[in-house]
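Peer 1: return atomic coordinates for the entry below.
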Amino acid sequence: MARSASAMAPVSCAIDPAMVLSHKFPEAAYEDEALYALAMGACNADAADEKELQLVYHRDGQSSIKVLPTFISALNAKTGDGFYMDVPGLHYDPTLLLHGQQYIEIYKPIPSRDNIADGKFF
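Peer 2: Below is the predicted model:
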């Protein structure tokens, strides 16, 4: 059976930089930082371990918890499907996507703040 021309047409992979940059990405807050730490195993062996407890609770309030450095790489998981499929202006064929490498360079501890949005701390 022959395939129609439209079935063989490539998926449009157009990018509108202005639209993508104006998109408001989901925000991350204290709760996300603490939940991420728990998911990574913080306090798993000993719930009262002072060193690990700093990642999920602080007596001075959540704004004083320590943030795991790898939390930054998990921020894109807050989008609809874990990738950037729902970003207006960013059109690509996800079957052609290959995540080959990710790199994070950390110069100082990541602060726990009111929220993180668009990769910036507020």
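
Peer 1: okay, CA-based contacts and neighbour counts for the rest of this
Peer 2: Noted.

Peer 1: burial count for Ala48?
Peer 2: Using other Cα atoms under 10 Å, Ala48 has 11 other residues around it.

Peer 1: average pLDDT for the helix or strand hosting Ala34?
Peer 2: Assigned by DSSP states H and E, Ala34 belongs to helix 30-39. Across helix 30-39, pLDDT averages out at 86.

Peer 1: over to stretch 48-68?
Peer 2: Here the average pLDDT along stretch 48-68 is 82.

Peer 1: which parts of it are buried?
Peer 2: 52-57, 62-68 (16 or more other Cα atoms under 10 Å).

Peer 1: okay, how far is it across that stretch, tip to tip?
Peer 2: This stretch, stretch 48-68, spans 18 Å end to end (Cα to Cα, to the nearest Å).

Peer 1: and it, how far from the chain's centre?
Peer 2: 21 Å (Cα atoms, centre = their mean, to the nearest Å).

Peer 1: now do stretch 31-50
Peer 2: 18 Å.

Peer 1: what residues sit buried inside that stretch?
Peer 2: 32-34, 36-38, 42-43.

Peer 1: measure that stretch end to end?
Peer 2: End-to-end distance of stretch 31-50: 19 Å, with Cα to Cα as the criterion.

Peer 1: contacts for it?
Peer 2: By Cα atoms under 8 Å, 6 or more residues apart in numbering, the list of residues contacting stretch 31-50 from outside reads 52-53, 55-57, 67-68, 71, 112.

Peer 1: mind running it again at 6 Å?
Peer 2: Applying Cα atoms under 6 Å, 6 or more residues apart in numbering, the contact partners of stretch 31-50 are 52, 56.

Peer 1: and what about Thr95, helix, strand or coil?
Peer 2: Here Thr95 takes the helix state, with states given by DSSP: H, G, I helix; E, B strand; the rest coil.

Peer 1: mind checking pLDDT for it?
Peer 2: 78.
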